[in-house]
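# What follows is a predicted structure for the sequence shown.
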Amino acid sequence: KPRNLFKKKDRIAIADRALNVMLEYESIIKGNQAAMMNSSFAIFAYLTGQQSRIRDSKALLPKPENHPETLWYSIEMMYRYQVTTHRLTLYQCKEEWRTLFRTPGHNNHGLSCFVTPDKYWAENPGCSPLTVPFYRRQSNEATFAGGIVKTFHYQNDYRVLSTQTVQFMALSSYLADHIKDPDFLKYAILSATCIKNCMLDSHTTLVLDSVIDAITGTVIGGGAVSWALTGICIEGLSVLASVTGDDTWKSLSLSMAESAMNLRGSHDANGIFSVGSNSILHENDDLKAQKGLLNRGLLVAYRRNPSNKDFRDLVRSYINVQYNALLDLASFGDSYGVNWGGPYVGPYPHGQLAALDTLIAAIGVND
């Protein structure tokens, strides 16, 4: 059903109760799922004005620096900042961003931003970005500048990660939206360009979950469409488009969103998002836990395109279909299952976590 018959106060109450259920899993939710949970609380607080719902995640920031999960928490800090406007939160987020420009050495955890060394050294004396050759596609001169690379023990093994590159683009875009520092905007555009040229499925324009050899450009891991990354990418591009006023990023974000909402193979006959529904439902994995990130991205795209009535109507209808399915087919009280088309199976923390973004998005798209 594409209409939402609940009043705003009722939608807020439904999401609030679901957040309370999520807290029952707080002791067992770790890593990026903990950051996702805290992000849901912060977005709920932003939409409702209930600042008391924000969770403090400072102690959860992964160590050492450059850890792959750092970006999940940095984005969550941006959501908190939008509510509290605490300068310390913004400073922490900015500092986490800057750690990606410190060469981590050859280890299995360190991440760095792939930059153009000569330009960056001129602008940032004393910093040491990676200096490996840039893969360059002959057809369009695309490079991985702005991508996030992981280094390994053996020499000349540099792998560009789509997961962290998409997150870095979103984080850089948010920072550019709040801080008038040209570096944030520069790298938001660089990473967005890297994603557009090297990390999208050519048929659907959705983001691929891929690991790419930085020297040869060969995909050496993954390669399937990622709904979570697509949602984060729609979010980041929507922010970047509103900051720059550049139709390139607006057009890409809108086409990506429309493609995601209309892709038949990932929705059932009723238009209900079915990703993860055919897997082992009790097993907690990112495919199931992160499926709601698409609706989080659509919420941001909706709010960043206030004059695009047709697009906003499409997003509203899409999210309401998912919302009504969750309440009518996949719930038991305030607990929600992984299979949004039903029947309810649970309770499982990943099912509850995935549902939060849709329950909260329904608050924001039904004005």
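Received it, and whenever you're ready, just let me know what you need. Numbers count the residues shown, from 1 in each chain.
# Buried residues, the one helix or strand Lys94 maps to. List them.
Assigned by DSSP states H and E, Lys94 belongs to helix 87-98. For helix 87-98, burial by neighbour count (16 or more other C-beta atoms under 10 Å) applies to Thr89, Leu90, Gln92, Cys93, Lys94, Glu96, Trp97. C-beta here means a position set from N, CA and C on the backbone, and glycine is covered the same way.
# For it, list the C-alpha coordinates in CSV.
Presented in CSV, the C-alpha positions along helix 87-98 are these (Å, rounded to 0.1, in the frame of the first residue of the first chain):
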residue,chain,number,x,y,z
ARG,A,87,31.4,21.8,18.0
LEU,A,88,33.3,19.1,19.7
THR,A,89,31.4,16.4,17.9
LEU,A,90,32.1,18.1,14.6
TYR,A,91,35.8,18.4,15.5
GLN,A,92,36.0,14.7,16.3
CYS,A,93,34.4,13.9,13.0
LYS,A,94,36.8,16.1,11.1
GLU,A,95,39.8,14.6,12.9
GLU,A,96,38.7,11.1,12.0
TRP,A,97,38.4,12.2,8.4
ARG,A,98,42.0,13.5,8.5
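# Go through the buried residues of helix 87-98 and say which is closest to Ser173.
Nearest to Ser173 among the buried residues of helix 87-98 is Trp97, at 11.3 Å by C-beta to C-beta.
# my read: that closest one touches Ser173, true?
No: Trp97 is beyond contact range of Ser173, at 11.3 Å (criterion: C-beta atoms under 8 Å).
# Now the common contact residues for those two.
Phe184 (C-beta atoms under 8 Å, 6 or more residues apart in numbering).
# circling back to that earlier point, adding pLDDT and distance to Arg3, write the buried residues of helix 87-98 out as CSV.
Converted to CSV, those look like this (pLDDT from 0 to 100; distance: C-beta to C-beta, whole Å):
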residue, pLDDT, distance to Arg3
Thr89, 88, 37
Leu90, 90, 39
Gln92, 87, 41
Cys93, 88, 38
Lys94, 89, 42
Glu96, 83, 41
Trp97, 86, 41
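# which two of those residues lie the greatest distance from each other?
Thr89 and Trp97 (13.0 Å).
# need the strands for the chain, in chain order.
All strands of the chain, identified by DSSP state E, fall at 111-113, 148-151, 158-161, 208-213, 219-225, 331-332, 335-336.
# Now distance to Ile29 too, for those, in TSV please.
TSV is the format used below for the strands of the chain (distance: least, C-beta to C-beta, whole Å):
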stretch	distance to Ile29
strand 111-113	23
strand 148-151	24
strand 158-161	23
strand 208-213	21
strand 219-225	24
strand 331-332	20
strand 335-336	15
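# wait, which of those strands is closest to Glu24?
Per C-beta to C-beta, nearest to Glu24 of the strands of the chain: strand 335-336, 9.3 Å.
# Work out the gap between that closest one and the centre of the chain.
23 Å (C-alpha atoms, centre = their mean, to the nearest Å).
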